[in-house]
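Undergrad: when you get a sec, could you give me coordinates for this:
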Amino acid sequence: MTTRRSFLQQLSMMTAAWIAAPYLPELPPQKRAIGLQLYTIRDAMAKDPAASLARVAGIGYSELEAATYTGTEKFYGYDAQAYKQLLNQYHLKQVSGHYILGGLEKTARSPLGSIQNGWEKAIEDAHTVGQQYMVCAYLTPDERKTLDHYKKIADLFNHAAEQCKQAGIQFCYHNHNFEFEPIDGQIPYEVLLKSTDPSLVKMEMDIYWVKKAGQDPLKLFAAYPGRFVLWHVKDMDNTPRQFFTEVGHGIIDFKTIFAHARQAGMKHFFVEQDVCPGDPFVSITESYQYLRKLLS
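TA: Next up is the predicted model:
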């Protein structure tokens, strides 16, 4: 028989459990899919994409972010339609893909499939594959020497994002740590945030690199709510080097960060580990298992 006291005790226990897992109400079921940035298994993808994707799906990943379109105009050697069929075979969705700028101006050195060269075809191929996001992954040192460079980049991003929008695709920018190094007393990352149209340009927060730069993801979420629609979930080891490690093995407090998913505007996230100590498939399995437990 349930007494009022036992009911209140049960309610108290349920409340305590909810407080201990505050990220659950922030993440409805459709947002609990765990994604993988394929750069983590780049060598395997280069050798045998089909076998690699089969293993990724077998681990439990259901969403992907690609990393090799720029320069080849292919998805791991496949044209867009053939690659889409391969994804369907393993019930995988490629939600996002990484691209590069290709220079502050279009030149003969701007690679195919970059923002500066062949962007229209890149958008068409992304749409064919089913991508919802196209992400500028990195800025070369020559592209980011001055604040004026960053302001120029913001203009280029706005234009690229407008083209993406016409195809129903969201444009984003993926950070490293160099964007937080001051130039003339200003933080370049904030220049990008303030100089891009927030309705057109969103951010893919690489949580590891934000922490590596000595920044607080939560403060960025509070200052720019809704801008961080994609995340790279990447952990940092507890050594002076602060190197990459499997998610859950390091020192980043992902439980607290996931508690602010709604404020951030997060819609999808991808496990990434730039360097693995051994077999990358072992690493991505450990990261997946940790996140599945965290989000269950």
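
Undergrad: what about this structure, any weak spots by pLDDT?
TA: For the chain, applying pLDDT under 70 flags the ranges 1-31.

Undergrad: which stretches of it form helices?
TA: All helices of the chain, identified by DSSP state H, fall at 4-20, 23-26, 42-47, 49-59, 80-89, 119-129, 147-166, 188-195, 207-212, 217-223, 254-258, 261-264, 280-295.

Undergrad: quick one: residue 39 and residue 272 touch, right?
TA: Yes. In terms of Cβ atoms under 8 Å, residue 39 counts as a neighbour of residue 272; the distance is 6.4 Å. Every residue, glycine included, has its C-beta placed from N, CA and C.

Undergrad: so those two - more neighbours on which side?
TA: Applying other Cβ atoms under 10 Å to residue 39 and residue 272 shows that residue 272 carries more neighbours, namely 26 against 19.

Undergrad: tell me the contacts of residue 186?
TA: By Cβ atoms under 8 Å, 6 or more residues apart in numbering, the contact set of residue 186 is residue 147.

Undergrad: from residue 41, how far off is residue 92?
TA: Remark: distance between residue 92 and residue 41 (Cβ to Cβ, to the nearest Å) = 13 Å.

Undergrad: overlap in contacts of the two?
TA: Contacts common to residue 92 and residue 41, judged by Cβ under 8 Å, 6+ apart, are residue 56.

Undergrad: settle it for me: which of those two has more neighbours?
TA: Higher neighbour count among residue 92 and residue 41: residue 41, with 23 against 19, using other Cβ under 10 Å.

Undergrad: number of residues surrounding the closest residue to that one other than its chain neighbours?
TA: Sequence neighbours aside, residue 280 is the residue nearest to residue 41 in space, at 4.8 Å (criterion: Cβ to Cβ, 6 or more residues apart in numbering). Close neighbours of residue 280, defined as other Cβ under 10 Å, add up to 18.

Undergrad: same question, the one 3 residues further on
TA: Residues contacting residue 283 under the criterion other Cβ under 10 Å number 22.

Undergrad: ok, it to residue 217 distance?
TA: 22 Å.

Undergrad: for the closest residue to residue 272 other than its chain neighbours, what are its contacts?
TA: Nearest residue to residue 272 in three dimensions, chain neighbours excluded: residue 37, at 3.9 Å (Cβ to Cβ, 6+ apart). By Cβ under 8 Å, 6+ apart, residue 37 lies in contact with 64, 65, 67, 98, 232, 270, 271, 272.

Undergrad: of the residues you listed, select the buried ones using a PyMOL command.
TA: Buried residues within the contacts of residue 37, by 16 or more other Cβ atoms under 10 Å, are selected in PyMOL with:
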select buried, resi 64+65+67+98+232+270+271+272
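
Undergrad: what's the most distant pair in the contacts of residue 37?
TA: 98 and 271 (14.5 Å; Cβ to Cβ).

Undergrad: right, and residue 203 touches residue 231 too?
TA: No. Between residue 203 and residue 231 there is no contact under Cβ under 8 Å: 9.4 Å.

Undergrad: how far away is residue 172 from residue 36?
TA: For residue 172 relative to residue 36 (Cβ to Cβ), the value is 17 Å.

Undergrad: what is the burial count for the nearest residue to residue 249 once chain neighbours are set aside?
TA: Nearest non-adjacent residue to residue 249, counting by Cβ to Cβ, 6+ apart: residue 235, 6.0 Å away. Number of residues near residue 235 (other Cβ under 10 Å) recorded here: 24.
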